[in-house]
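Trainee: sequence and predicted model, in that order:
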Amino acid sequence: MQTVKMVVTGPFSAGKTEFIQSVSEIDVVSTERKISTAAERSVKEATTVAMDFGRITVDEDLVLYLFGTPGQKRFDFMWEILSEGMLGFIVMVDSTRPETFREARSILETFRAYAPTPYVVAANKQDKDDAWDLEDMRHALRLDSKTKFLPCVATDKATVKSVLLELLYSILAEMESGE
């Protein structure tokens, strides 16, 4: 049995926990705590403080382990710990919150520095009226044309699966070329 560790990262409230919850075949192990500041509470009620963990069995030979990182800077010490052994990562970006794009870019660079593994960037909340267009987001995030940049709705199992499959294909291609 092959296991593949994937990390789901991104800024605060980008949709990482929902992303994992929508596809995990087990109850997601989550370390969410109530938010203490009024500014953050205006966005959501709870935040991940250590990690989220979910699992998906692709077939009898392949299981994906999904580790969601905390999005808040004060918990970023967990990022390097969670990146250990990852075979790839996903950077979630909230398409409706351009004020988080710079932070998402910074998180992408941080994870690329941890390990030279395949990655994809997921533009979450593409179902919202105020979501940015993908090409405009690609430009704002300074993603080159080779970077896989995919539309996503974290609560929609089909789009979450397509993001996971794109990353999995990249990981498998890299494994084959490295053998």
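Mentor: Arrived safely. From a predicted model like this one, the values you see are computed outputs, not experimental measurements.
Trainee: for stretch 132-150, which positions count as buried?
Mentor: Trp132, Met137, Arg138, Leu141, Leu143, Lys148, Phe149, Leu150 (16 or more other CB atoms under 10 Å). In short, each C-beta sits where N, CA and C put it, glycine included.
Trainee: I'd like those residues laid out as a markdown table, including distance to Arg74 and pLDDT.
Mentor: Shown next, in a markdown table, are the buried residues of stretch 132-150 (distance: CB to CB, whole Å; pLDDT from 0 to 100):
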| residue | distance to Arg74 | pLDDT |
| --- | --- | --- |
| Trp132 | 27 | 98 |
| Met137 | 26 | 98 |
| Arg138 | 29 | 97 |
| Leu141 | 23 | 97 |
| Leu143 | 27 | 97 |
| Lys148 | 30 | 97 |
| Phe149 | 28 | 98 |
| Leu150 | 29 | 98 |
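Trainee: so which of those residues comes closest to Val4?
Mentor: For the buried residues of stretch 132-150, the minimum distance to Val4 (CB to CB) is 16.3 Å, reached by Lys148.
Trainee: who's in contact with the closest one?
Mentor: Listed by CB atoms under 8 Å, 6 or more residues apart in numbering, the contact set of Lys148 reads Tyr119, Val120, Val121, Glu166, Leu167, Ser170.
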